[in-house]
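**Student:** Structure for the following, please:
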Amino acid sequence: MTANEGKRRVVIEILGEEYIIRSSSSSEHVQEVGKYVDRLMNELREKYPAMSIQKIAILASLNLASDLLLLRKQGKGKRRKR
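**Tutor:** Residues are numbered from 1 along each chain as shown. Next comes the predicted model:
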C-alpha cells in the first residue's frame, strides 16, 4: 500500500495561494481546516502588516499548537495518528 492510497486531493486557499492537500479526512474537514488557518493568518497579517508571511505562518503555528496543547491538558484533545 502506498502512502497516498485512500487519500483524496483537496484544494484550499491560504492568503490567496492555492495548496493541494492529500488527506484521508473528508473534503469538508480539509476545507474547514484551510479556512480556519486562512482566517487566523489574515488576522495576524492585519495586526502585524510589516511582518513577513513566513513569520506570520510561524506565529499562527505557535498559536494553534498552544490551543491544541491546552485542549489535550483538559482531556479534550486526543492525539491522532498520521
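
**Student:** all contacts plus neighbour counts: C-alpha atoms, from now on.
**Tutor:** Noted.

**Student:** who's in contact with the residue nearest in space to the middle of the chain?
**Tutor:** In the chain, the residue lying closest to the centroid (C-alpha atoms, centre = their mean) is Val37, at 4.8 Å. Listed by C-alpha atoms under 8 Å, 6 or more residues apart in numbering, the contact partners of Val37 are Ile14, Ala60.

**Student:** Tell me which residues of the helix or strand harbouring it come out buried.
**Tutor:** Assessed by DSSP states H and E, Val37 sits inside helix 27-47. Residues Ser27, Val30, Gln31, Gly34, Lys35, Val37, Asp38, Leu40, Met41, Asn42, Leu44, Arg45 are the ones in helix 27-47 that count as buried (16 or more other C-alpha atoms under 10 Å).

**Student:** Looking at these, spot the one nearest Leu68.
**Tutor:** Closest approach to Leu68 among the buried residues of helix 27-47 (C-alpha to C-alpha): Val37, at 13.7 Å.

**Student:** Could you check the pLDDT of that closest one?
**Tutor:** Confidence at Val37, expressed as pLDDT, is 98.

**Student:** hey, where'd the strands end up in the protein?
**Tutor:** Taking DSSP state E, the strands of the chain run over residues 8-14, 17-23.
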